[in-house]
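Everything below, folded, please.
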Amino acid sequence: MRGVLSGFAVITVVIAVGYLLGRGGHLGERGREVLTRLAFHVASPALLFTTLAQADLSVIFSSRLLVTAMSTAAAAGAFVAVGVVRHWGVGRTTIGALCSSYVNSGNLGIPIAVYVLGDASLVAPVLLFQVVMVTPIALTILDLAGMGEKGPWWRRLLTPLRNPIALGSLSGVLVSATGIHVPGPVMDPITLIGNMSVPAVLLAFGISLRGSALPGRGRDRHPVFLAVALKAAAQPVVAWALAANVFGLHGAPLLDVTVTSALPAAQNLYTYAGTYGVGEVLARDAILLSTALSVPVLVVVAALLG
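Coordinates of the predicted model:
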């Protein structure tokens with residue numbers, strides 16, 4: 001379980017540093033907002049571009065991707081159904097659906113894939129599916145719902161072509177698909193900027209914990225508990241059932257898709273919530289609780305299927 005523990009240890013330390021920075025006021029009153037905007041508009045698009053530009057897109061056409069897509073849709077769809085019935089609004093429901101299904105495939109998924117599954121590339125189908133499909137769709141919904149930039153409807157329909165996260169992802173896919181060679185003097189500074197993404201997201205998340213109430217309280221407690229239940233329990237169970245009974249996977253492939261589905265909600269979801277000014281408490285609490293619960297969940301999955 002060294003991979004599980006080391007991955008969580010790294011994240012915990014950086015979040016704790018952010019919390020201390022927030023308590024000390026070292027970054028000022030707008031420190032969290034600046035870090036969030038830095039991650040969303042600059043660092044994360046750069047990271048996604050460099051990651052996808054060097055990715056093997058053949059992993060998209062695999063049974064693992066289908067399991068990921070179907071389990072993601074099941075968890076997100078369940079949250080959306082409840083959100084519509086409970087009138088939680090488009091913005092909160094979209095953020096909650098992401099927290100129910102969008103896994104931490106990067107800064108936590110990669111080390112766990114290396115140490116638990118023995119191959120970092122096994123997280124690639126999840127990473128590619130989320131950044132190429134899920135993220136652009138979710139952010140477009142938020143923009144079209146009026147959470148982002150205001151303007152004529154026809155202008156907002158072009159959101160995927162202007163959203164920095166979507167642009168970074170799609171540009172990386174284009175480079176990989178066409179085999180274009182990006183020269184070092186161009187790729188190196190983009191890589192350097194992209195390296196700021198994960199620390200900026202985690203530090204901003206840590207700052208947000210300063211003075212906050214215990215998670216799972218207030219007006220967002222029901223959406224939070226639903227998102228956490230779907231993410232920590234329902235999604236990995238659905239992924240396991242689909243992989244074993246529909247696609248006939250067993251052994252290592254079955255363990256791979258179940259472990260990646262059991263990863264907690266990604267920290268960058270808090271960046272999206274903060275950028276669009278909707279569901280910030282929901283995202284923060286769901287990420288925090290699903291991350292804590294994923295430790296025993298991943299241990300149980302590895303013990304049963306490993």
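
going forward, measure contacts and count neighbours with C-alpha atoms only.
OK.

Surely Phe40 is in contact with Ala166?
No - contact status for Phe40 versus Ala166: not in contact, 10.6 Å apart, counting by C-alpha atoms under 8 Å.

what's the burial count for Ala9?
Ala9: 13 surrounding residues under other C-alpha atoms under 10 Å.

doesn't it fall inside a helix?
Yes - Ala9 sits within a helix when classified using DSSP: H, G, I helix; E, B strand; the rest coil.

how near is it to Thr291?
11 Å (C-alpha to C-alpha, to the nearest Å).

got it, and Phe205?
The gap separating Phe205 from Thr291 is 13 Å, by C-alpha to C-alpha.

same question, Met187
Taking C-alpha to C-alpha, one finds Met187 at 33 Å from Thr291.

swap in Gly83?
On the measure of C-alpha to C-alpha, Gly83 and Thr291 end up 22 Å apart.

Tell me which of these two has more neighbours.
Set side by side, Gly83 and Thr291 show more neighbours around Thr291, with 26 against 20, by other C-alpha under 10 Å.

Pull the contacting residues for the closest residue to that one other than its chain neighbours.
In space, and not counting its chain neighbours, Thr291 is closest to Pro264: 4.9 Å by C-alpha to C-alpha, 6 or more residues apart in numbering. Going by C-alpha atoms under 8 Å, 6 or more residues apart in numbering, Pro264 touches Tyr102, Val103, Asn104, Lys231, Ala232, Ile287, Ser290, Thr291, Leu293, Ser294.

Mind checking the pLDDT average for the host helix or strand of the last one?
Here Ser294 is covered by helix 280-305, with elements defined by DSSP states H and E. Over the span of helix 280-305, the pLDDT mean works out to 88.

how distant is that helix from the center of its chain?
Between the centre of helix 280-305 and the centre of its chain there are 13 Å (C-alpha atoms, centre = their mean, to the nearest Å).

That's all I had, so thanks and see you.
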